[in-house]
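[1] okay, here's the prediction I keep looking at, along with the sequence it came from:
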Amino acid sequence: MSSLQPMSEQELTDVVIERFASTPDDRLREVMQALVRHVHAFAREVRLTDDEWLTGIQFLTAAGHITDGNRQEFILLSDTLGLSSMVDLINHASMVEGVTEPTILGPFYVPNSPEREFGASMIEYADGGEESLVEGCVTSPDGTPIAGAVIDVWQNAATGFYAVQQPDVQPATNLRGIYRTDVQGRYSIHTVRPTPYPIPDDGPVGKMLSATGRHQMRAAHIHVKVSAPGFAPVTTHVFDEASDYLDSDTVFGVKGSLISAFTPGDDGLLHCAVDFTLEPTH
Ligand SMILES: [Fe+2]
């Protein structure tokens, strides 16, 4: 085909895919050619107009502008499109029976939380939340306790915000902590009961949700990353079974096995029993 001839839609797609044919890295070539194939197919399917194309560019530009060290609009976008949960399903669907299921990381993880002792409180700011103990064991699939497992925890305050969202209100380490299991594989976290919260709605993702008639709420949850030497780490949530939005979480993060009860104890605290099971890596 001469380059002077008018191109059909399919010919353009084929030419662009071919332009990536000599990508040295096999995986990069596969990903880029598939990306072109699907992006072109999307534009052709919806008959994308000039104005709609520009709107898409402006949307991504706005997502870039609002993203900084504390705000991650692209993870929110991935989460609200279900892409984060799709990547999770693709990579973790063949897990060993009984191993704790993963779910999305979300946009509010901050590394290097403070180390906290067994049973220590990670409440550094009075927010009116219901004080709770989240406790349990970390074990291998055969039930063997894992001593020294690391549980990296973060959650929102009862007011609905994570510390990273309110640097002028909450201490930076409020409701964040790194706990370790004892010799019997047990852990204990003193915290507040999580509450449902809206994902940030002052950026392009919030506009997308409202324009499409979707709510912005997440079901109440605590984030945890559990890891131990010799085991595959898991990034997951503890969902409150009494929460609203379990069946319509705006980022598609809920899995039935991750739902637990918060029940009143004699000590005036709520108690939530959650065991984590890690898959050996060998
Ligand atoms: Fe969250």
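    Right, received. Where do you want to start?
[2] which helices and strands sit right next to the one helix or strand Val39 maps to?
    Taking DSSP states H and E as the criterion, Val39 maps to helix 26-46. Identification of packing neighbours for helix 26-46 by 3 or more Cβ pairs under 8 Å, 6 or more residues apart in numbering; DSSP states H and E yields helix 9-19. Glycine gets a C-beta too; all of them are placed from N, C-alpha and C.
[3] let me know the angle separating the helix it packs on from helix 26-46.
    On the basis of axes from the mean of the first three to the mean of the last three Cα atoms, to 10 degrees, helix 9-19 is oriented at 170 degrees to helix 26-46.
[4] what helices or strands is helix 9-19 leaning on?
    Helices and strands touching helix 9-19, by 3+ Cβ pairs under 8 Å, 6+ apart, are helix 26-46.
[5] got the CA positions of the helix it packs on in CSV?
    Taking C-alpha atoms only, helix 26-46 is exported to CSV below (Å, rounded to 0.1, in the frame of the first residue of the first chain):
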residue,chain,number,x,y,z
ASP,A,26,8.8,-9.3,23.9
ARG,A,27,6.5,-8.4,26.7
LEU,A,28,6.6,-4.7,25.9
ARG,A,29,5.8,-5.4,22.3
GLU,A,30,2.9,-7.6,23.3
VAL,A,31,1.5,-5.0,25.6
MET,A,32,1.9,-2.0,23.3
GLN,A,33,0.4,-3.8,20.3
ALA,A,34,-2.6,-5.0,22.3
LEU,A,35,-3.0,-1.5,23.7
VAL,A,36,-3.2,0.0,20.2
ARG,A,37,-5.5,-2.7,19.0
HIS,A,38,-8.0,-2.2,21.9
VAL,A,39,-7.8,1.6,22.0
HIS,A,40,-8.4,1.8,18.3
ALA,A,41,-11.3,-0.7,18.6
PHE,A,42,-12.8,1.4,21.4
ALA,A,43,-12.7,4.6,19.4
ARG,A,44,-14.2,2.8,16.4
GLU,A,45,-16.9,1.2,18.4
VAL,A,46,-18.2,4.4,20.0
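[6] if we can go back for a sec, contacts for the helix holding Val39, please.
    With contact meaning Cβ atoms under 8 Å, 6 or more residues apart in numbering, helix 26-46 is reached by Glu9, Leu12, Thr13, Val16, Ile17, Phe20, Ala21, Thr23, Leu48, Glu52, Trp53.
[7] all helices for this structure, in order.
    Listed in chain order, the helices found in the chain under DSSP state H are 9-19, 26-46, 50-66, 73-80, 83-92, 204-211.
[8] and among these, the most buried is which?
    Among the helices of the chain, the stretch with the highest mean neighbour count (mean count of other Cβ atoms under 10 Å) is helix 73-80, at a mean of 21.
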